[in-house]
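Novice: What follows is a predicted protein model with its sequence.
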Amino acid sequence: MRKLLRVNMGELSVKEQVLPSEKEPTGGRHLTSSIVASEVSATCHPLSAHNKLVVAPGWLAGTGAPCGGRLSVGAKSPLTGGIKESNVGGNAGIALSRLGIAGIVVEGLPQDDNLRVLHVTADGAELVVDNELKGLGNYDTTDRLRAEFGEDISCITIGPAGEMRLLGANIAVTDEEGRPTRHAGRGGLGAVMGAKGLKAIVIEKEGGQRPESVDREAFNKAARRFAELLSEHVVTGTNLPTWGTNLLAKIINDAGLYPTRNFQEGQFELTDSISGETQRETIIARGGKVGHACHQGCTIACSRLWVDENGEFVTKGPEYETIWAHGADCDIGDLDAIARMDRLDDEIGIDTIEMGATIAVAMEAGLIEFGDAEGAIRLLEEVRDGTPLGRILGSGAKVTGQAFGVRRVPVVKGQALPAYDPRAAKGIGVTYATSTMGADHTAGYAIAQNILGVGGNVDPLKPDGQVELSRALQIATTALDGTGLCLFVAFCMLDVPEALDTVLAMTNAHFGTNVDEDWYTELGKEILRQERDFNTRAGFTAADDRLPDFFEEEPLPSHGTVFDVPHDELDTVFDF
């Protein structure tokens with residue numbers, strides 16, 4: 001039996017609701033977006049009682065599907081003002097699924113100032129007051145929760161940024177070692193959790209069991225084949241396990257679209273010092289770990305554990321986006337300094353992409369100089385301490401740019417752009433501009449075809465074909481976000497048609513359904529329709545599906561190009 005937990009913070013109640021579609025594939029982004037779109041007023045204040053925070057594992061989470069432990073978190077975003085789904089690894093998705101929980105819906109607002117923990121077990125769930133957690137960082141919070149509830153738990157937590165309801169606040173999930181290193185980073189959803197007075201969700205694994213498949217033999221056969229396909233593909237079987245996500249640093253820099261010094265340039269002269277190759281060599285030399293899986297059953301294991309010169313753990317990764325945001329975008333070429341910033345981000349509970357982009361905007365504003373790593377760390381400490389400046393910075397790049405009169409602010413729908421300059425990869429520019437989520441590379445990763453040659457080739461410097469590319473990727477990615485499979489399996493799926501067949505085979509064997517590729521595509525379209533409708537009701541128009549003017553007016557030095565996909569073509573992305 002798959003069920004929803006309805007947690008009402010106003011009534012301090014927890015109620016169970018059996019899913020009417022128990023034997024149908026539903027989960028992840030499919031579930032979060034459908035609940036938010038149908039139950040949340042699109043015009044509500046994101047921190048009000050009318051907003052709802054939805055946490056949902058994908059429909060293959062916990063089944064034994066390779067790389068199938070992803071968790072979706074959804075709400076109306078405080079950062080963008082639109083609908084939001086943020087996807088995260090860690091061990092919570094599998095833990096929830098194995099307790100038969102398809103989702104948790106947190107609604108209402110508490111009538112007091114107490115901080116609460118939602119304690120979830122095989123026997124039920126209850127809200128517990130724990131004011132001793134107030135103000136604690138994510139690491140201290142999870143340490144205390146593990147001391148109280150035992151080592152074998154999964155935790156979903158917020159840091160001080162979430163408690164302060166900062167627009168860049170994220171939600172942390174523990175990894176296999178019990179560290180809060182995985183993050184539903186984008187959109188400020190930690191602020192929604194903080195507004196609801198919920199510091200943590202603790203999931204006890206005892207009593208959980210692998211969800212029963214209708215045809216276990218067929219499921220296992222499809223799962224084994226999917227794992228084989230992932231191991232045979234060069235990206236998922238070799239490159240990501242060996243060098244991690246940061247293998248992209250040199251590739252993107254050499255291609256001339258590695259945003260540098262707040263998107264002023266497309267190449268960073270210190271890229272070698274912060275590359276995936278240098279990162280790997282340093283980790284191995286210090287006794288850290290490469291090939292680290294963020295959850296049980298991950299066959300790609302693209303993450304790593306960064307340690308200091310004494311071999312002491314500092315942080316996970318850091319991942320490509322984090323290294324870029326705190327590195328090239330801020331003119332910082334020191335991996336140790338970047339790792340310190342990543343650890344601070346995780347402690348504070350704030351999105352690394354948004355925070356790095358914000359520091360770069362602050363540098364352009366003259367608060368500190370470009371390249372000042374210690375100054376950047378001091379700015380993060382301001383955020384941690386909740387000073388007036390820290391609250392401005394913690395509210396993201398847009399707010400910081402407004403506060404300090406900066407013209408070049410790289411955001412769409414209020415959310416900072418990730419680590420690819422759209423003037424030299426125009427397909428990803430279309431995704432940034434039009435995604436329902438604000439600027440988000442994961443919404444339709446056109447870098448695969450623009451730069452990497454995975455799933456085909458589309459000239460990154462020409463506007464031709466970019467809308468069609470982004471449209472197809474946004475549809476496919478939206479469907480994938482419902483499964484609970486890691487986005488990185490898409491590299492294999494783009495090149496090997498059999499990979500999608502095995503995903504559908506696992507789904508059919510598990511649920512006893514007969515879904516096909518057409519169903520999968522239509523699911524992606526339907527979720528996007530719901531999200532677009534929500535954003536329209538929230539007041540979004542075609543004017544919100546645009547990149548900042550400077551991308552269309554300032555040529556990128558590495559190529560001399562601007563973003564020139566016509567506006568009327570951008571307006572056709574969702575013509576389906």
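Specialist: Done, it's in. Given the structure is predicted, the values throughout are model-derived calculations rather than measurements.
Novice: contacts, neighbours, all on C-alpha from now
Specialist: OK.
Novice: Just give me how far stretch 505-519 sits from the chain centre.
Specialist: 26 Å (Cα atoms, centre = their mean, to the nearest Å).
Novice: try stretch 552-570
Specialist: Using Cα atoms, centre = their mean, the offset of stretch 552-570 from its chain centre is 27 Å.
Novice: Give the buried residues for it.
Specialist: 552, 555, 556, 558, 561, 562, 563, 564, 565, 570 (16 or more other Cα atoms under 10 Å).
Novice: for stretch 456-473, same thing?
Specialist: Under the neighbour-count rule (16+ other Cα under 10 Å), stretch 456-473 has 458-463, 466-473 buried.
Novice: Filter those residues down to just the ones in helices.
Specialist: Counted as lying in helices by DSSP state H, out of the buried residues of stretch 456-473, are 466, 467, 468, 469, 470, 471, 472, 473.
Novice: any chance of the residues you listed in TSV, plus pLDDT and distance to residue 252?
Specialist: Below are these laid out as TSV (pLDDT from 0 to 100; distance: Cα to Cα, whole Å):
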residue	pLDDT	distance to residue 252
466	98	18
467	98	21
468	98	22
469	98	19
470	98	19
471	98	23
472	97	23
473	98	20
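Novice: and which of these is nearest residue 147?
Specialist: Distance ranking of those against residue 147, using Cα to Cα, places residue 473 first at 43.5 Å.
Novice: And the residue nearest to that closest one when sequence neighbours are not counted, how close does it get to residue 138?
Specialist: Spatial nearest neighbour of residue 473, excluding adjacent residues (Cα to Cα, 6 or more residues apart in numbering): residue 444 at 4.7 Å. Using Cα to Cα, to the nearest Å, residue 444 is found at 30 Å from residue 138.
Novice: Let me see the ranges of the strands in the stretch 301-450 of the chain.
Specialist: 303-307, 313-316, 411-412, 415-416 (DSSP state E, counting those that start in this stretch).
Novice: Deepest-packed of those, please.
Specialist: Mean neighbours per residue, mean count of other Cα atoms under 10 Å, is largest over these for strand 415-416, with a mean of 26.
Novice: mind checking how far that strand is from the chain centre?
Specialist: 13 Å.
Novice: elements contacting it?
Specialist: Counting contacts by 3 or more Cα pairs under 8 Å, 6 or more residues apart in numbering; DSSP states H and E, strand 415-416 packs against helix 352-365, helix 397-404.
Novice: Name the stretch among these that sits most buried.
Specialist: For those, the highest mean count by mean count of other Cα under 10 Å goes to helix 352-365, at a mean of 28.
Novice: Longest helix in the chain, please.
Specialist: Longest helix in the chain, counting by DSSP H: helix 517-537.
Novice: returning to what we had before: neighbour count for residue 444 and residue 138, which is higher?
Specialist: residue 138 (31 against 26; other Cα atoms under 10 Å).
Novice: hang on, the more buried one packs against residue 156?
Specialist: No - between residue 138 and residue 156 there is no contact under Cα atoms under 8 Å: 9.4 Å.
Novice: Report the set of residues contacting both of these two.
Specialist: residue 172 (Cα atoms under 8 Å, 6 or more residues apart in numbering).
Novice: Export only the CA atoms of stretch 118-127, formatted as PDB.
Specialist: Output of stretch 118-127 as PDB, limited to C-alpha atoms (Å, rounded to 0.1, in the frame of the first residue of the first chain):
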ATOM      1  CA  LEU A 118       8.600  14.900  11.900                       C
ATOM      2  CA  HIS A 119       9.500  11.500  13.100                       C
ATOM      3  CA  VAL A 120       8.600   8.800  10.600                       C
ATOM      4  CA  THR A 121       8.600   5.000  11.400                       C
ATOM      5  CA  ALA A 122       7.100   1.900  10.100                       C
ATOM      6  CA  ASP A 123       4.300   2.300  12.700                       C
ATOM      7  CA  GLY A 124       3.400   5.900  11.700                       C
ATOM      8  CA  ALA A 125       4.600   9.500  12.000                       C
ATOM      9  CA  GLU A 126       4.400  12.200  14.700                       C
ATOM     10  CA  LEU A 127       5.500  15.800  15.200                       C
END
